[in-house]
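Peer 1: Need a 3D model of the following:
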Amino acid sequence: MAAPVRITFLGGLGEIGRNCMAVEVGGRILLIDCGLMFPGPEMPEADVVIPDFRWLLERRSRIEGCVATHGHEDHVGALQYLLRECSFPVFGSTLTLGLARTRLHEARVLDRTRLVQVKDGERRSIGPFDVEFIPVTHSVPQAHAIVLHTPQGVVVHSGDFKLDLTPVDHRRNDLARLGALSDGPGIRLLMSDSTNAMEHGHAPSESDVGAVLRGIFNEHRGRRIITASFASHVHRIQQIAHAAIESGRVIVPLGRSMVNNIRLARELGLLRIPERRLVDAEDLRDHDPADVCIISTGSQGEAMSALTLLAKGDGRHVKVGDRDTVIFSSHAIPGNERAVNAVMEALTRRGATVVHSGIADVHATGHAQAEDLKTYLNVTEPEWFVPIHGEYMGLVAHAALARTMGVADDHVLVCEDGDQIEIHDDGIELVGRVPSDYVVPPSQGGGRGRSRAKGGGASRERGGDASRERGASRDRGVRRRR
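Peer 2: Now for the predicted structure:
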């Protein structure tokens, strides 16, 4: 009889954000991701929400480490809070660790961890865990799927991914390796990204956005162009930079995270912008506005972001007017629509021309849509399936896709935060629950951290067009009571 494997879902199932799970083998624990969530208006007292770590902290001496699938804050943003209470190494790609390092340094917990870089395709032993890092395509470079070679067979965590056949950096999903695992030892359990499970068809390629951006830059020659996107979306920044350079513009990063991430990505060779084309905001007065492209933070209408300040007329170095074109190269994530619309309205009142994804295809999701998810299921052919990373309706929709692709009905488990499953010789079953409240970290407002029962809270973190509604319970559609 092989040793059982237990998985505890601490966040990310039934919401967009707080992605965190704990895998137990031989009494030891390996975390996969440790993310935060940005709450919606129903939690005005909170800036961020993190997983409920009570169960984990009771077992802190058993934690071998955390493997990070990628560098988005909904996957690594809660590390700074957990590392205040315990110490363990973090494993991830160069960029993933670079993005995490900045936050850990700011939180003064960098000395409580060891950041261990891994390469595409690397297989590494972490305590009793045999971990393989498979390259995937996402809206941030160097993302990974995680393969665990366990006593109970191969367990695959897809990470956040899309099936982009023409990615900007030419780094594609290693479907061949996943297929080899399926054909060889077989995949006992697949846990897969459900963000866009309710979106029909295939996710468009990130490269398609570049052609649209170049057309808009040409159409708006003679005007200053201001773009807004996620600061971690290095591929989008690269395409904006290409369009700017082709149209003879200099590039001005605006917003601390944009400045920092552009610097980091250039240092790592992931972003190609000639030094002579980069200009500090303080030096804007030396350039004709028609020869300028500003790349700004604030695509989600964040209150203190650079773009929101420009919309209010509070920018230190930039005043928006009727010779500006502002491109929102993003979608408003559920819960952020009102804030984004308010910024667009304010910019329009200042005379700017606003371009967004409702007008032109200036954004492409970083998450697989229904047909892509079916392809992934076809390649992996898992014996068991658990949908992860998504609001509840997305989890249920992904479960239905798995059944369509041949996974047996009783081998599909729709779980929620706090659920524990165990893989043993006879199959996989739900075996328990742990606390899963939304927790507001103690750094916000002082004092102890506050928790509240789960009940919503749309994330402002990056994701697809998942519905804010909750679905009902496990495979049947009636929401389980808390």
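Peer 1: Domains in this protein, by residue range?
Peer 2: Here the domain parsing of the chain from automatic domain parsing is 5-201+366-452, 207-355.
Peer 1: need these in CSV with mean pLDDT, can you?
Peer 2: CSV is the format used below for the domains of the chain (pLDDT from 0 to 100):
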stretch, mean pLDDT
domain 5-201+366-452, 95
domain 207-355, 94
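Peer 1: In a markdown table, list these along with mean neighbour count.
Peer 2: Just so you know, the C-beta spots here come from the backbone N, C-alpha and C atoms, and that holds for glycine as well. Shown next, in a markdown table, are the domains of the chain (neighbours: other C-beta atoms under 10 Å):
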| stretch | mean neighbour count |
| --- | --- |
| domain 5-201+366-452 | 20 |
| domain 207-355 | 19 |
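Peer 1: Let me know the helix or strand that residue 136 is in.
Peer 2: In the assignment (DSSP states H and E), residue 136 maps to strand 129-136.
Peer 1: tell me the angle whatever helix or strand comes next after that strand makes with strand 129-136.
Peer 2: Sequence-wise, the next helix or strand downstream of strand 129-136 (DSSP H and E) is strand 143-150. Between the axes of strand 143-150 and strand 129-136, defined by axes from the mean of the first three to the mean of the last three C-alpha atoms, to 10 degrees, the angle is 150 degrees.
Peer 1: for the stretch 201-350 of the chain, what spans make up the strands?
Peer 2: Secondary structure of the stretch 201-350 of the chain by DSSP state E, counting those that start in this stretch: the strands cover 224-228, 250-254, 292-296, 324-328.
Peer 1: orientation of the first one relative to strand 292-296 in degrees?
Peer 2: An angle of 20 degrees separates the directions of strand 224-228 and strand 292-296 when computed by the same axes, to 10 degrees.
Peer 1: who touches stretch 418-432?
Peer 2: 1-2, 4-10, 13, 52, 150, 152-153, 155, 188-189, 384, 386, 411, 413, 415, 433-436 (C-beta atoms under 8 Å, 6 or more residues apart in numbering).
Peer 1: contacting residues for the residue nearest to residue 56 when sequence neighbours are not counted?
Peer 2: Spatially, and ignoring its direct neighbours in sequence, residue 56 is nearest to residue 22 (6.2 Å; C-beta to C-beta, 6 or more residues apart in numbering). Neighbouring residues of residue 22 by C-beta under 8 Å, 6+ apart: 7, 8, 10, 29, 30, 31, 32, 56.
Peer 1: try 7 Å
Peer 2: 8, 10, 29, 31, 56 (C-beta atoms under 7 Å, 6 or more residues apart in numbering).
Peer 1: ok, now residue 154?
Peer 2: By C-beta under 7 Å, 6+ apart, the contact set of residue 154 is 147, 181, 185, 186, 187, 188.
Peer 1: Can you pick out the most distant pair from those residues?
Peer 2: 147 and 186 (12.4 Å; C-beta to C-beta).
Peer 1: First-to-last residue distance for stretch 404-417?
Peer 2: One end of stretch 404-417 to the other measures 25 Å (C-alpha to C-alpha, to the nearest Å).
Peer 1: If you could redo that for stretch 191-205, that was the one I meant.
Peer 2: End-to-end for stretch 191-205, by C-alpha to C-alpha: 23 Å.
Peer 1: Alright, calling it a day.
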